[in-house]
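Enquirer: what follows is a protein structure lacking sequence information:
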């Protein structure tokens with residue numbers, strides 16, 4: 001029952017090695033200072049259905065490990081996987097999101113759920129030239145990002161506006177998500193539709209692997 005319950009409710013996860021990955025020659029592959037608090041707390045959506053999880057599970061890999069020594073035959077890993085479990089969803093609509101450029105989106109339900117989504121202005125993004133604000137919408141999940149399932153952009157008639165998300169970075173080093181608008185440009189009539197999880201369970205599953213074979 002526990003396995004089925006997780007398969008039905010698994011929404012987001014984080015694989016965090018905590019600076020304790022070594023190969024069998026005792027070469028440290030991730031230093032403690034390289035694993036930031038943001039990396040520890042960040043979760044990414046699991047884009048697999050419950051049926052897919054039941055049949056094949058999901059593959060985890062520790063991030064940002066240095067190349068192992070040629071003499072190594074296996075890895076030793078210690079850490080945990082952070083899993084966000086959720087079932088119910090709510091859909092929230094934000095009218096004219098462009099008005100919140102440089103600010104936290106104001107919405108009573110987001111405030112109740114302790115979710116903070118900020119619209120990042122183009123001039124704050126890292127790069128040689130700021131992107132066209134009518135062709136790019138950049139968001140930062142300041143707080144409660146683990147409660148977010150999806151974000152979609154619509155026009156005044158609630159017709160989806162095609163967009164392509166990509167990771168980006170601000171000039172201060174914050175990780176954000178930029179949505180490149182593929183169709184008609186944004187205007188004051190556009191709307192954001194956020195799908196959020198009102199109730200979640202945050203679990204940490206320990207990882208203790210003494211001999212993970214290397215290829």
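Expert: Received the coordinates, thanks. In this text the structure is predicted, and so the values were computed from the model without any measurement. Residues are numbered from 1 along each chain as shown.

Enquirer: strands of the chain, start to end?
Expert: 10-16, 22-23, 44-45, 74-86, 90-95, 116-119, 136-143, 148-154, 163-169, 175-181, 191-196, 200-213 (DSSP state E).

Enquirer: quick one: contacts for residue 134?
Expert: 181, 185-187 (Cβ atoms under 8 Å, 6 or more residues apart in numbering). (Each C-beta comes from the backbone N, C-alpha and C, glycine too.)

Enquirer: swap in 7 Å and give it another go.
Expert: 185-186 (Cβ atoms under 7 Å, 6 or more residues apart in numbering).

Enquirer: can I see the domain layout of this structure?
Expert: 2-87+200-213, 90-196 (automatic domain parsing).

Enquirer: any idea which of those scores lowest on pLDDT?
Expert: Lowest mean pLDDT within the domains of the chain: domain 2-87+200-213, a mean of 59.

Enquirer: and the gap between residue 200 and residue 86?
Expert: Distance, residue 200 to residue 86, by Cβ to Cβ, to the nearest Å: 5 Å.

Enquirer: now swap in residue 152 and tell me
Expert: Distance from residue 152 to residue 86, by Cβ to Cβ: 18 Å.

Enquirer: neighbour count: the two, which is higher?
Expert: residue 86 (19 against 14; other Cβ atoms under 10 Å).

Enquirer: wait, that one touches residue 198, no?
Expert: No: assessed by Cβ atoms under 7 Å, residue 86 is found out of contact with residue 198, at 8.4 Å.

Enquirer: circling back to that earlier point, for residue 127, find the nearest of the strands of the chain.
Expert: strand 163-169 (8.2 Å; Cβ to Cβ).

Enquirer: and that closest one, what does it pack against?
Expert: Here strand 163-169 touches strand 175-181, going by 3 or more Cβ pairs under 7 Å, 6 or more residues apart in numbering; DSSP states H and E.
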